[in-house]
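>>> The sequence and its predicted three-dimensional model are supplied below.
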Amino acid sequence: MNKAIDFLKEVKAELKKVTWPTRSETMSSTYLVLVMVVIVSAYLGAVDSILAWIMKRVLN
């Protein structure tokens, strides 16, 4: 039981050392991730459509 208590004390001490991002930094990062997801999704969708069209032409 003492090991568990010591572990939790160490965890608490380490969490105090963490530099947490501000709300605006978190929001900026979130928006950036969402924009990148949309861009990559659109790109992959376009490539998939083009390759599907090519395969239809080749197989017919």
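Sure, I can see it.
>>> Run the chain-centre distance for the helix or strand that contains G45.
Taking DSSP states H and E as the definition, G45 sits inside helix 23-59. Relative to the centre of its chain, helix 23-59 is centred 14 Å away, using Cα atoms, centre = their mean, to the nearest Å.
>>> If you rank every helix and strand of this protein by mean pLDDT, what lands last?
helix 2-17 (a mean of 94; mean pLDDT, DSSP states H and E).
>>> So which elements touch that one?
The helices and strands touching helix 2-17, judged by 3 or more Cβ pairs under 8 Å, 6 or more residues apart in numbering; DSSP states H and E, number zero. (Glycine included, C-beta is placed from N, CA and C.)
>>> ok now it, how far from the chain's centre?
28 Å.
>>> send the alpha carbons of that helix over as PDB?
Taking Å, rounded to 0.1, in the frame of the first residue of the first chain, the C-alpha atoms of helix 2-17 are listed here in PDB:
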ATOM      1  CA  ASN A   2       2.900   2.400   0.700                       C
ATOM      2  CA  LYS A   3       4.200   1.900  -2.800                       C
ATOM      3  CA  ALA A   4       0.900   3.000  -4.200                       C
ATOM      4  CA  ILE A   5       0.800   6.100  -2.000                       C
ATOM      5  CA  ASP A   6       4.400   6.900  -2.900                       C
ATOM      6  CA  PHE A   7       3.600   6.500  -6.600                       C
ATOM      7  CA  LEU A   8       0.600   8.800  -6.400                       C
ATOM      8  CA  LYS A   9       2.700  11.400  -4.600                       C
ATOM      9  CA  GLU A  10       5.400  11.200  -7.300                       C
ATOM     10  CA  VAL A  11       2.700  11.500 -10.000                       C
ATOM     11  CA  LYS A  12       1.300  14.600  -8.300                       C
ATOM     12  CA  ALA A  13       4.800  16.100  -8.100                       C
ATOM     13  CA  GLU A  14       5.400  15.400 -11.800                       C
ATOM     14  CA  LEU A  15       2.100  17.000 -12.800                       C
ATOM     15  CA  LYS A  16       3.000  20.200 -11.100                       C
ATOM     16  CA  LYS A  17       6.100  20.400 -13.400                       C
END
